[in-house]
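Engineer: could you work out the structure for the sequence below:
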Amino acid sequence: MAKLKQQIKITALYCRLSRDDEYSGDSVSIQTQKTLLGQFAKEQGFTNCEYFVDDGYSGTNYNRPDFQRMLNLVEDGQVGIVIVKDLSRLGRDYLQTGYYTEVVFPEHNVRFIAINDNVDSAAGDNEFAPFKNIINEWYARDSSRKVRSALQAKARNGEYTGSYPPFGYCKDPMDRHHLIASEYAPVVKRMFQMALEGQTCYAIAKKLEKEQVPTPRATLMEAHGKYETIERAKYPHKWDKGTVRNILQNPMYLGKLVWQKTQTKSFKDKRIVARPEEEWITVEGTHEALVDEDTFYTVQQRVQVKQPAPTTNPENKLRGLLFCGGCNSRMEFSSATGRKNCGHYCCGKHRHYGGKECSTHYISVKQINAVLLEDIQRHASLAAVDKEKYIAYLTQLSEKEWVGEKASYTKEAEQCQRRISELDILLKRLYEDNVFGRISDERFASLSADYEAESRKLKDRYKEIQTLLDNYAQQSRDAKEFAALVEQYTNITELTEELLHTLIEKIVVHEKEVIDGETVMRIDIYYRFIGKVGSEDDGILITPKTRRASIPLAPGA
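Structural biologist: Sure, this is the predicted structure:
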């Protein structure tokens with residue numbers, strides 16, 4: 001009777017093949033495993049055999065579909081025997097594999113057989129099995145390291161190593177490791193343009209949905225058969241703001257490869273964690289750019305700001321640009337509630353803490369728009385009248401702020417280089433003294449370690465200084481960029497969101513103060529490329545009746 005019961009139970013023939021195992025030859029292929037297991041079961045007289053196959057699954061992943069199906073049958077008491085080619089087919093994590101072979105299977109009276117490893121639980125404990133499991137885990141660890149190293153080498157060489165290309169690109173059929181623009185590239189370009197014009201991620205998503213543009217998930221499903229079982233596959237045109245934001249923040253659209261922004265915790269723990277930006281692999285010019293740098297970085301500032309839908313506050317053209325001069329928090333917008341109460345901005349921290357933090361820094365939309373329009377018109381006019389003179393003026397203003405710092409940093413850089421050269425000479429002499437026995441090994445180790453540490457510190461500082469000096473040199477080039485940009489707006493009569501977010505980096509609003517018996521408010525406008533035009537105390541002063549600018553109306557005035 002017991003024998004009949006054993007025959008009724010399933011003989012589970014389990015096969016597994018991962019991508020890494022594919023390169024090991026036919027000896028571990030699914031078909032080879034099935035043939036081996038079927039022949040062994042026949043020779044041993046096992047009946048009621050059923051294959052469980054997981055093709056393309058790592059041995060460190062135990063959430064495999066057929067493996068989990070087999071475990072469910074084991075727990076239901078429907079499996080009598082589990083047979084695998086070897087222990088590595090069951091898994092490559094020695095703790096997990098040991099848990100199933102030493103705990104789960106015996107607990108449910110399941111006989112376990114690993115043919116090539118001579119493991120059979122019916123023959124008693126196999127002392128060698130735990131060591132085989134450890135060796136299998138080492139193999140998985142080593143494979144993971146080799147694969148990661150190979151992918152890093154390809155990425156540094158500018159080869160695209162992702163499974164699927166970003167939305168708007170496809171893999172070059174002539175070279176699968178490089179990207180070319182796809183039929184959806186115009187959609188990506190349009191998304192950036194809409195964001196530049198001030199539309200929120202939510203508004204862009206709704207517009208694309210209305211126009212029945214396929215989502216990135218839908219295009220992958222159509223091209224590669226991916227996500228077919230996902231519920232959202234039923235709605236191929238259902239865009240959401242998160243998808244739009246991810247596209248707008250992806251630096252791949254600048255035409256450069258950015259790799260290793262994330263990684264798994266380990267070869268066993270597949271949870272994704274973010275990597276520090278300094279550890280990213282970035283290679284410039286690997287494929288066609290779909291957006292220019294000015295547009296991309298302008299859009300980044302837009303999408304980082306949490307914004308309500310524009311339909312709720314169409315007056316709020318300055319969303320994300322206004323900052324409180326007292327606490328540096330973002331200014332918040334309030335729409336008009338009556339004829340006497342126009343739309344205005346005030347300190348966000350002051351509002352959120354019920355007036356207990358900072359102060360209101362109240363300024364109306366009408367006031368700030370008038371100030372910005374006048375100031376932009378002034379800059380545009382100066383650039384149009386005499387661009388070269390205007391550029392010289394902007395460069396002169398920026399030089400006043402950093403000319404002293406530049407001299408100081410230049411001197412420090414020279415000192416660093418001189419000391420690094422001295423340390424190189426000292427280390428060579430120290431080495432010679434040690435070789436000829438003039439100083440002991442202990443003394444050599446101590447002194448050389450100190451010199452090496454000092455040299456590394458100086459080299460790091462030298463790099464920092466060079467970066468600062470490069471930034472100063474960039475300022476003169478930025479003046480030319482801004483002049484060419486602002487010149488386009490000579491004849492403007494009203495402000496648009498696109499114009500404001502194209503020209504302006506931020507606006508700082510200070511609290512009202514009394515100057516010469518008059519209540520005034522200072523506004524600092526930081527333009528793109530050139531920053532704030534004027535000295536630290538300069539800005540634009542507004543009063544209830546008049547405005548006056550502290551910057552000259554013409555270069556040199």
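Engineer: the lengthiest helix in the chain - what's its average pLDDT?
Structural biologist: When the chain is parsed with DSSP state H, its longest helix is helix 387-435. Across helix 387-435, the average pLDDT comes to 81.
Engineer: right, and the helix or strand after that helix?
Structural biologist: helix 441-486 (DSSP states H and E).
Engineer: report the inter-axis angle for that next one versus helix 387-435.
Structural biologist: 170 degrees (axes from the mean of the first three to the mean of the last three C-alpha atoms, to 10 degrees).
Engineer: helices or strands up against helix 441-486?
Structural biologist: For helix 441-486, the packing partners by 3 or more C-beta pairs under 8 Å, 6 or more residues apart in numbering; DSSP states H and E come out as helix 365-385, helix 387-435, helix 497-503. C-beta coordinates here come from the backbone N, C-alpha and C atoms, glycine included.
Engineer: now the second one: how far from the chain's centre is it?
Structural biologist: In terms of C-alpha atoms, centre = their mean, to the nearest Å, the centre of helix 387-435 is set 33 Å apart from its chain centre.
Engineer: that helix versus helix 365-385: what angle between them?
Structural biologist: Going by the same axes, to 10 degrees, helix 387-435 makes 90 degrees with helix 365-385.
Engineer: quick one: which of the helices and strands packed on helix 441-486 is nearest Lys9?
Structural biologist: helix 497-503 (69.5 Å; C-beta to C-beta).
Engineer: dump the helices and strands packed on helix 441-486 to TSV, plus distance to Leu248 and mean neighbour count.
Structural biologist: Compiled in TSV, the helices and strands packed on helix 441-486 are given as follows (distance: least, C-beta to C-beta, whole Å; neighbours: other C-beta atoms under 10 Å):
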stretch	distance to Leu248	mean neighbour count
helix 365-385	25	18
helix 387-435	30	14
helix 497-503	13	20
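Engineer: in JSON lines, list these along with distance to Asn246.
Structural biologist: Output for these, formatted as JSON lines (distance: least, C-beta to C-beta, whole Å):
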{"stretch": "helix 365-385", "distance to Asn246": "32"}
{"stretch": "helix 387-435", "distance to Asn246": "36"}
{"stretch": "helix 497-503", "distance to Asn246": "20"}
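Engineer: and Lys210, which of these is closest to it?
Structural biologist: helix 497-503 (20.6 Å).
Engineer: residues in contact with that closest one?
Structural biologist: With contact meaning C-beta atoms under 8 Å, 6 or more residues apart in numbering, helix 497-503 is reached by 196-198, 298, 301-302, 317-318, 320-321, 372, 376, 485-486, 489, 492, 527-528.
Engineer: for ChimeraX, write the selection for the buried entries among those residues.
Structural biologist: In ChimeraX, this line selects whichever of the contacts of helix 497-503 come out buried by 16 or more other C-beta atoms under 10 Å:
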select :196,198,298,302,317,318,320,321,372,376,485,486,489,527,528
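Engineer: out of the contacts of helix 497-503, list just those in helices.
Structural biologist: Using DSSP H, these in helices are 196, 298, 301-302, 372, 376, 485-486.
Engineer: out of those, who's nearest Tyr353?
Structural biologist: Nearest to Tyr353 among the ones in helices among the contacts of helix 497-503, with distances taken as C-beta to C-beta, is Gln301, at 25.6 Å.
Engineer: how close does that closest one sit to Lys506?
Structural biologist: According to C-beta to C-beta, to the nearest Å, Gln301 stands 9 Å off from Lys506.
Engineer: now list whatever residues contact both of the two.
Structural biologist: By C-beta under 8 Å, 6+ apart, no residue touches both Gln301 and Lys506.
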